[in-house]
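**Q** I'll drop the sequence and a predicted model, then ask my questions.
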Amino acid sequence: MKVSARNTFEGTVGSVINGAVNTEVGIDLPSGDKLVAVVTLESARSLQIAPGKPVVALVKAPWVMLMTDGKGIRLSARNCLSGTVKTVKPGAVNAEVVVALPGGTEVVAIVTNDAVAELGLAPGVATTAVIKASNVILGVPA
Amino acid sequence: MKVSARNTFEGTVGSVINGAVNTEVGIDLPSGDKLVAVVTLESARSLQIAPGKPVVALVKAPWVMLMTDGKGIRLSARNCLSGTVKTVKPGAVNAEVVVALPGGTEVVAIVTNDAVAELGLAPGVATTAVIKASNVILGVPA
Amino acid sequence: MKVSARNTFEGTVGSVINGAVNTEVGIDLPSGDKLVAVVTLESARSLQIAPGKPVVALVKAPWVMLMTDGKGIRLSARNCLSGTVKTVKPGAVNAEVVVALPGGTEVVAIVTNDAVAELGLAPGVATTAVIKASNVILGVPA
């Protein structure tokens, strides 16, 4: 499998919480980082999602929001991954920012150049990558 | 808090409707504009979302769709904010479009240059910014 | 109606499955292709979604993920549309890729230039366009 999504996190299912319609899936990454995904109950059943199962979590870079100075705020998004900026590649309107987490995982975000300037994003700057659980696509071996 | 999301709407929680899994949150902006967000019930409880609480609604610019000539259509998206184009900043593939709502709120969208051409987006043109409620991230003071 | 979304699929409602909060809507396209959308129950009722009703399914190009060599993987995303690349228009950071499905439907995706290189996306290459059902906005005649 090759995917256009810049974020392909390989991990293992840690927790599965079934709701009436959706299932919340906790994913443990080898780096020690954790992710939460929300998929439909039907998808979870079809993919036989269960604790211990290897999965890949896919997140497109434009679905990642970056935050700095986040001490005073709490967000509804389930994934708030704190790390430091590794690289910034500016384009005409957007820039690609790579964030390195302490555990070694890297998260790629596409944000506007304006955001890069406002947040002062540059290598070494502390930042938090924010990902909504509903924006994580799960894949399992066929 | 500084975020890469180009849309950070500060407002007050107006209504809270709890479902089995999700919570629908109505947000009143000082400009008189209203937004609807859908977050998980767990997030809403954790953030203690309740009427009157100050919140910030975060929406990344690529999550905003623009529409013109919308008279003949009704959409499933909960947020359809009508205004006029303020600025258009074209890039190589995408353009950043700022829409001013009558109440004074501004909405930033990233759309393709093709869309700008097809819709004739230019300063002064009437347009509607469409945002799915599930694409709104809520933040509350920590 | 004119929308910035690069994907506007006109079709007919095939199936409607109501959950407690969300409604899953199957859409038959004239090309024979099928799409699945998930909207809130309230939206589905308000729009009077029912089998046989003409609808338009709107999907922004950045919400489409592309995949190649997908044989060994199964995804939680409900829409996996297999076709071949028709055109690739590279920008500074992102590229616009048009995928032609066998039935004649075209799907437009915005992916990074890095993804284009890694997946070897070029005219004629087999690829799958992946769209989460929750990222489909439905429109009905007013």
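**A** Nice, thanks for sending it over. Numbering: from 1, shown residues only, chains lettered A, B, ... in the order given.
**Q** what is the neighbour count of A:S15?
**A** 12 (other C-beta atoms under 10 Å in any protein chain shown). For every residue, glycine as well, the C-beta is placed using N, CA and C.
**Q** check A:G72 too.
**A** Neighbour tally, A:G72, other C-beta under 10 Å: 10.
**Q** where's it relative to chain B, distance?
**A** According to C-beta to the nearest C-beta, to the nearest Å, A:G72 and chain B sit 5 Å apart.
**Q** mind listing what the helix or strand where A:A109 lies pairs with, with the direction of each?
**A** A:A109 is part of strand A:106-112 when elements are defined by DSSP states H and E. Partners of strand A:106-112 in the sheet, by DSSP bridges, are strand A:94-100 (antiparallel).
**Q** quick check: buried residues in the partner strand?
**A** Neighbour-count burial for strand A:94-100, counted by 16 or more other C-beta atoms under 10 Å in any protein chain shown, picks out A:N94, A:A95, A:E96, A:V97, A:V98, A:V99, A:A100.
**Q** secondary structure of A:A115: a helix, I assume?
**A** Yes. Assessed with DSSP: H, G, I helix; E, B strand; the rest coil, A:A115 lies in a helix.
**Q** send the alpha carbons of the strand holding A:A109 over as CSV?
**A** The C-alpha trace of strand A:106-112 is given here as CSV (Å, rounded to 0.1, in the frame of the first residue of the first chain):
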residue,chain,number,x,y,z
GLU,A,106,6.8,12.7,13.0
VAL,A,107,3.6,14.5,12.1
VAL,A,108,3.3,16.4,8.8
ALA,A,109,0.9,19.4,8.6
ILE,A,110,0.0,21.7,5.8
VAL,A,111,-0.8,25.2,7.1
THR,A,112,-0.9,28.6,5.5
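**Q** average pLDDT for that strand, rounded please.
**A** In this model, strand A:106-112 has an average pLDDT of 96.
**Q** for stretch A:125-140, same thing?
**A** pLDDT averaged over stretch A:125-140 gives 96.
**Q** to the chain's geometric centre, what's the distance from that stretch?
**A** 2 Å (C-alpha atoms, centre = their mean, to the nearest Å).
**Q** can I get that stretch in PDB, CA atoms only?
**A** Written as PDB, here are the backbone C-alpha positions of stretch A:125-140 (Å, rounded to 0.1, in the frame of the first residue of the first chain):
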ATOM      1  CA  VAL A 125      10.100  25.700  18.000                       C
ATOM      2  CA  ALA A 126       7.700  23.800  20.400                       C
ATOM      3  CA  THR A 127       4.300  23.100  18.800                       C
ATOM      4  CA  THR A 128       1.300  20.900  19.300                       C
ATOM      5  CA  ALA A 129      -0.100  18.900  16.300                       C
ATOM      6  CA  VAL A 130      -3.900  18.700  16.700                       C
ATOM      7  CA  ILE A 131      -5.900  16.000  14.900                       C
ATOM      8  CA  LYS A 132      -9.600  15.300  15.200                       C
ATOM      9  CA  ALA A 133     -10.300  11.600  16.000                       C
ATOM     10  CA  SER A 134     -12.900  11.600  13.200                       C
ATOM     11  CA  ASN A 135     -10.200  12.600  10.700                       C
ATOM     12  CA  VAL A 136      -8.200   9.400  11.200                       C
ATOM     13  CA  ILE A 137      -8.700   6.600   8.600                       C
ATOM     14  CA  LEU A 138      -7.800   3.200   9.800                       C
ATOM     15  CA  GLY A 139      -6.300   0.400   7.700                       C
ATOM     16  CA  VAL A 140      -5.800  -3.200   8.500                       C
END
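**Q** that one vs chain C: in contact?
**A** Yes. Using C-beta under 8 Å from any C-beta of the partner chain, stretch A:125-140 reaches chain C at A:S134, A:N135, A:I137, A:L138, A:G139, A:V140.
**Q** possible to save the residues you listed as JSON lines with neighbour count and secondary structure?
**A** Formatted as JSON lines, those follow (neighbours: other C-beta atoms under 10 Å in any protein chain shown; DSSP: H, G, I helix; E, B strand; the rest coil):
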{"residue": "A:S134", "neighbour count": "23", "secondary structure": "helix"}
{"residue": "A:N135", "neighbour count": "24", "secondary structure": "helix"}
{"residue": "A:I137", "neighbour count": "24", "secondary structure": "strand"}
{"residue": "A:L138", "neighbour count": "25", "secondary structure": "strand"}
{"residue": "A:G139", "neighbour count": "25", "secondary structure": "strand"}
{"residue": "A:V140", "neighbour count": "18", "secondary structure": "strand"}
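**Q** now, which of those residues lie close to chain B?
**A** Contacts with chain B within those, counted by C-beta under 8 Å from any C-beta: A:S134.
**Q** let me know the closest of the residues of stretch A:125-140 next to chain C to C:L75.
**A** The closest of the residues of stretch A:125-140 next to chain C to C:L75 turns out to be A:G139 (C-beta to C-beta; 4.9 Å).
**Q** what parts of chain A come near chain B?
**A** Proximity of chain A to chain B, by C-beta under 8 Å from any C-beta, involves residues A:19-22, A:24, A:38, A:62-63, A:65-78, A:91-94, A:109-112, A:114-116, A:118-119, A:121, A:130, A:132-134.
**Q** quick one, what contacts the closest residue to A:K71 other than its chain neighbours?
**A** Excluding its sequence neighbours, the residue lying closest to A:K71 (C-beta to C-beta, 6 or more residues apart in numbering or on different chains) is B:A142, at 6.7 Å. Residues in contact with B:A142, defined by C-beta atoms under 8 Å, 6 or more residues apart in numbering or on different chains, are A:K71, A:G72, A:I73, A:R74.
**Q** thanks again, I'm all set now.
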